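Asker: Next come a sequence and a model predicted from it.
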Amino acid sequence: MLKKVLIASVAVVLALVVVSFVMPRRFADAYHRLLEHRDAAENSIPPEREIALLQDKIDRLAKDDDYQFHHVAKLRAEVKDTERDVNQFRNQVSASDKRLSAMHAALKVEGQLVSYENKSFPRETLKAEFEVSVDTFRLETRRLEAMEAELSAKRQTLELAHKNLEETRLARAQLKADLETLRAELAAEKQAAALERRAPTDPKAAEARERLESIRKRIAVMKEERTLRREMKTPGNAVRTHELQKKEQEERDAFINQKWGAVETGAKR
């Protein structure tokens, strides 16, 4: 029984070792190979294709720009509507404030009857109406504060959205400019490479060069022919030719004798 427990423990330890060391290495190797395949695939894409893909991505980003334009326009409309509501309600609160101020001034005068808006009212009646109006005014004041806070928040949101839109448009413009720069650099590089590979294969220039070479050869032949004719007409030419041939033979024999030794002639045999 103890032996089985020991064997099971060893098996668990080996399994842990395999999981801890072997498997991570295999995953790391597989991930490394995946990165290599990805890099190879990216490098196999021609630059023109990559530029076209970038252009397509930038065009698709234009749709996001349209959404941001719509979002900013919507926020501006909401801010204008809220500003109109706040201004209208502020005027309403201001009118209530003036009305309460007039009622308060009338109640400050002593007497059972008080004058308000050129009319006489029992003090208690006007006082009761004043207190109800004060409660309403307090509610309106708190509501106005809430509306102004909402307007301030919408203005901040609009300012942030407008700033993001400007930054997005600037980024898009920079992307387009960089892409055009890449396109121009690629075109210049391709043109330079084509010029380096290009050989002077202009048909007209090649034909003219061949004709020049042919004329040059004909002129050389004409010169040799003229020289030969002049030599043939010169007296004693045969003697000089014989002397030249004899000298050449002597030089040849001397070289052979020095290099390999003398050669026996058939006359001595």
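Answerer: All right, it came through fine.
Asker: low-scoring stretches of the stretch 1-150 of the chain, by residue?
Answerer: 1-44 (pLDDT under 70).
Asker: Would you map the strands across it?
Answerer: Along the stretch 1-150 of the chain, the segments classed as strands by DSSP state E, counting those that start in this stretch run 113-116, 119-122.
Asker: Of those strands, give the one that comes closest to residue 190.
Answerer: Set against residue 190 and scored by C-beta to C-beta, the strands of the stretch 1-150 of the chain come closest in strand 113-116, at 91.6 Å. Any C-beta I mention is one placed from the backbone N, CA and C, and that applies to glycine too.
Asker: Buried residues of that closest one, list them for me.
Answerer: 114, 116 (16 or more other C-beta atoms under 10 Å).
Asker: same deal with stretch 159-175?
Answerer: In stretch 159-175, counting by 16+ other C-beta under 10 Å, buried: 161, 165.
Asker: Now do it: distance to the chain's middle.
Answerer: How far stretch 159-175 lies from its chain's middle: 16 Å, per C-alpha atoms, centre = their mean, to the nearest Å.
Asker: ok, and what's touching that stretch?
Answerer: Stretch 159-175 is touched from outside by 58, 61, 62, 64, 65, 68, 69, 71, 72, 75, with contacts defined as C-beta atoms under 8 Å, 6 or more residues apart in numbering.
Asker: Drop anything exposed from those.
Answerer: 68, 71, 72, 75.
Asker: With respect to residue 180, which of those is nearest?
Answerer: Closest to residue 180, out of all of these and judged by C-beta to C-beta, is residue 68, at 23.1 Å.
Asker: Now do the contacts for residue 114.
Answerer: Residue 114 sits next to 106, 107, 120, 121, 122, 123, 126 when contact means C-beta under 8 Å, 6+ apart.
Asker: Which positions are bridged to it in the beta structure?
Answerer: Using DSSP bridges, the bridge partners assigned to residue 114 are residue 121.
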